[in-house]
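Undergrad: for reference, the sequence and a predicted model appear below.
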Amino acid sequence: QVQLQESGPGLVKPSQTPSLTCTVSGDSATTRYYVSTWIRQPPGKGLEWLGDMAYDGSTYYSPSLTSRTSIPRDTSKNQFSLRLSSLAPEDTAVYYCVRGAGWGTQEYWGQGTQVTVSS
């Protein structure tokens with residue numbers, strides 16, 4: 001069973017560029033090829049897709065955030081990360097890492113990590 005666990009800084013000051021990390025465990029010969037995704041949910045709002053990374057490392061980002069977003073990975077640790085630059089209070093949200101069989105699919109979810117942007 002694939003399991004994902006997010007880790008992050010929690011409280012961040014405006015303009016900072018924190019890194020959130022997703023550690024993946026329990027990958028099978030099939031799921032290791034899955035697409036890795038970051039999604040967030042601001043308080044009182046719906047889910048917002050941030051970006052995807054394919055097994056080959058190619059990435060696709062939300063058009064509204066592409067200039068601020070990157071998804072690096074560490075294959076030796078089976079981890080992928082989210083870096084979102086120039087944070088503002090409206091970036092406050094619960095951030096989820098997700099894995100799915102293809103683009104736009106979400107089969108396995110982490111429990112989410114809260115990021116609060118405040119001075």
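TA: Okay, I see it. Residues are numbered from 1 along each chain as shown.
Undergrad: make it CA atoms for all contacts and neighbour counts henceforth
TA: Will do.
Undergrad: OK, contacts around the closest residue to Asp74 other than its chain neighbours?
TA: In space, Asp74 comes closest to Phe80 once its chain neighbours are excluded; the distance is 6.1 Å by CA to CA, 6 or more residues apart in numbering. By CA atoms under 8 Å, 6 or more residues apart in numbering, the contact list for Phe80 reads Thr21, Cys22, Thr23, Ser36, Ile71, Pro72, Arg73, Asp74.
Undergrad: of these, which is the most crowded?
TA: Ser36 (30 neighbours; other CA atoms under 10 Å).
Undergrad: got a list of contacts for the helix or strand containing Arg99?
TA: Element membership of Arg99 [criterion: DSSP states H and E] is strand 93-100. Residues from elsewhere that reach strand 93-100 (CA under 8 Å, 6+ apart): 4-6, 22, 31, 34-43, 105-116.
Undergrad: returning to that earlier point: which among the contacts of Phe80 gets closest to Ser85?
TA: Ranked by distance to Ser85 (CA to CA), the contacts of Phe80 are led by Ile71 at 11.7 Å.
Undergrad: from Pro43, how far off is that closest one?
TA: Here Ile71 is placed at a distance of 23 Å from Pro43 (CA to CA, to the nearest Å).
Undergrad: and Thr37, by the same measure?
TA: 20 Å.
Undergrad: those two: who's more crowded?
TA: Shown here are Thr37 and Pro43; by other CA under 10 Å, Thr37 has more neighbours (29 against 12).
Undergrad: just checking, next helix/strand downstream of the helix or strand hosting the more buried one?
TA: Element membership of Thr37, judged by DSSP H and E, is strand 35-41. Counting by DSSP H and E, the element after strand 35-41 in chain order, helix or strand, is strand 48-53.
Undergrad: if anything else comes up later, I'll come back, but that's it for now.
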